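Peer 1: Below are the sequence and a predicted model; questions follow.
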Amino acid sequence: MTNVPGIMISAPSSGTGKTTVMLGLLRALAEDGLRVQPFKSGPDYIDPAFHHAASGRASFNLDSWAMGPDLLAAISAEAAGADICVAEGSMGLYDGVATRGQSGFGSSAETAQRMGWPVVLVVDVSGQAQSAAATALGFQAYNPEVPFAGVILNRCASPRHERLARLGMENAGLNVLGVLPRRGDLTLPERHLGLIQAVEHPDLDAAIAGYAQFLRDHVDIAAIRAAAKGQITPLDSVKLPTPPAQRIALAQDAAFSFTYPHVLKGWREAGAEILPFSPLADQAPDASADLVWLPGGYPELHGGVLASAATFQAGLRKHAETRPVHGECGGYMALGEALIDKEGTRHQMAGLLGLVTSYEKRKFHLGYRRAVLKAPLPGHAPGAALRGHEFHYSTILEQPDAALAEVADADGNPVPETGSHRGHVSGTFFHFITGEEGA
């Protein structure tokens, strides 16, 4: 057993500032000489890149709905050799789904309880004072089995505001680990799927350094370190997801970047060769690849560039004549016939599938997915059950090809985004997390 203590940075809801706290804390601890292992609770593929930039170590998702106990243990073992784990929650601390998955309902509280990581609750106190303590106390009392370290009060307007908010926390018996004054310049840029990608931030390192100094000035970092608890138990016999091919040409740029770190690590550890290429730079996939994989991302923001990327499209079509091509979400859209952007402009895509999608006619699609394959997907035979997550705003206008899978949400309700396949080409709107045999 490896004793690596940890904490969970969470909040009552989204938009309270927990990402600012997370990034500043990661950098401050790293600057203090600690080896810090970041994690993200839940299905998020943007935050881990920010965690990596802040800490210098790759961040991994821990998902109690999609992942079973063994896979959770295998991923948490990434903390081996670290001094402390710092995990960031998603949404509110107890937010999950209604139906239990492989390990639970998918909440950050479940991750914290499972790992033994005390929760640092970031509470936005704007518009309230002592009343904020009632919120924080409710989160502590809601499930007494979830370890609780204390609170950080965010967006405090004045010294008087701080005194009143602290008084409420003191009366409730809650430990105040820090008070952050209101500062509008600490907000990270966002777009329709949340934060912009880390690679797109104009000066990310300077921003994170600023967050770290902000936390040093207003948060008791030593007290947070002292509150860290929990243990990581590596399981040598458990493997991460296995590669779907030996040589995988993987699209990687600002349009295609949403891949789960544990999936890529599993592919590499099993000996697969990852051959990155950039569709936005009009690069063709490696001609020697066994498989082309287009992950999700933001193709709807780059429709004109992708439509004119003749070398990329020609290479993709050539590969698809004899070998498999798969796309997830944005990658699926790029494999289709056309993509319509938010201005209503139609852009010709690769045409390997008949899919036509529109970002002009926006519709929110969010949630866990369980898919039972009706046709082969690279690395998985028909009948295999996969776990994943869907998050996009694009609407399907045309989908003439055969359905790839029967897809349901976390509660077992069927969803219309079944994916599709034609010849050697397949695509899904859900992002693969694990097969149930690996859960």
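Peer 2: Done, it's in. Everything numeric here is computed off the predicted structure, so don't read it as measured data.

Peer 1: residues touching residue 251, list them.
Peer 2: Contacts for residue 251 were tallied using C-beta atoms under 8 Å, 6 or more residues apart in numbering; they are 276-279, 285, 292-295, 331. C-betas here are computed from N, CA, C, even on glycine.

Peer 1: Please list all residues in contact with the residue nearest to residue 269 when sequence neighbours are not counted.
Peer 2: Distances taken as C-beta to C-beta, 6 or more residues apart in numbering place residue 240 nearest to residue 269, at 6.4 Å, with adjacent residues excluded. Listed by C-beta under 8 Å, 6+ apart, the contact set of residue 240 reads 71, 74-75, 262-263, 265-266, 269, 438.

Peer 1: How many residues are close by the residue nearest to residue 15 when sequence neighbours are not counted?
Peer 2: Leaving aside its sequence neighbours, residue 15 sits nearest to residue 124 (C-beta to C-beta, 6+ apart; 7.6 Å). Residues near residue 124, counting by other C-beta atoms under 10 Å, number 21.

Peer 1: Quick check on residue 124: phi, psi?
Peer 2: Note on residue 124: backbone dihedrals following degrees, to the nearest 10 are phi -80, psi 110.

Peer 1: can you check residue 266 too?
Peer 2: Per degrees, to the nearest 10, the backbone of residue 266 is at phi -60, psi -40.

Peer 1: and what of residue 410?
Peer 2: Note on residue 410: its backbone torsions stand at phi -60, psi -30 [degrees, to the nearest 10].

Peer 1: Please apply the same query to residue 353.
Peer 2: Taking degrees, to the nearest 10 as the convention, residue 353 sits at phi -130, psi 160.

Peer 1: so how far is residue 407 from it?
Peer 2: 16 Å (C-beta to C-beta, to the nearest Å).

Peer 1: If you count surrounding residues, which of these two has more?
Peer 2: residue 353 (28 against 23).

Peer 1: wait, doesn't the more buried one sit right on residue 338?
Peer 2: No: shown here, residue 353 and residue 338 do not form a contact pair, counting by C-beta atoms under 8 Å, at 10.7 Å.

Peer 1: Name the nearest of the contacts of residue 240 relative to residue 5.
Peer 2: Closest to residue 5 out of the contacts of residue 240 is residue 75 (17.5 Å), distances taken as C-beta to C-beta.

Peer 1: Does the closest one belong to a helix, a strand or coil?
Peer 2: Under the three-state scheme (DSSP: H, G, I helix; E, B strand; the rest coil), residue 75 adopts helix.

Peer 1: so where is the protein shaky, pLDDT-wise?
Peer 2: 1-2, 184-202, 231-238, 437-439 (pLDDT under 70).

Peer 1: Please enumerate the helices of the stretch 51-200 of the chain.
Peer 2: 69-76, 108-115, 131-142, 159-171 (DSSP state H, counting those that start in this stretch).

Peer 1: Go through the last one and flag the buried ones.
Peer 2: Of the residues in helix 159-171, those buried by neighbour count under the rule 16 or more other C-beta atoms under 10 Å are 161-162, 164-166, 168-169.

Peer 1: Domain parsing of the chain, as residue ranges.
Peer 2: Using automatic domain parsing, the domains assigned to the chain come out as 6-227, 247-438.

Peer 1: Pull up the distance across stretch 301-316, start to finish.
Peer 2: From the first residue to the last, stretch 301-316 extends over 20 Å; the measure is C-alpha to C-alpha, to the nearest Å.

Peer 1: Likewise for stretch 412-421?
Peer 2: With C-alpha to C-alpha as the measure, stretch 412-421 spans 23 Å from end to end.

Peer 1: For it, buried residues please.
Peer 2: Residues of stretch 412-421 classed as buried: 415, 417-421 (neighbour count, 16+ other C-beta under 10 Å).

Peer 1: same thing with stretch 319-327?
Peer 2: In stretch 319-327, counting by 16+ other C-beta under 10 Å, buried: 319-320, 323-327.

Peer 1: same for the helix or strand harbouring residue 19, what does it pack against?
Peer 2: Assigned by DSSP states H and E, residue 19 belongs to helix 18-31. Contacts defined by 3 or more C-beta pairs under 8 Å, 6 or more residues apart in numbering; DSSP states H and E place helix 18-31 against strand 6-10, strand 36-41, helix 47-55, strand 84-88, strand 119-124, helix 204-218, helix 221-227.
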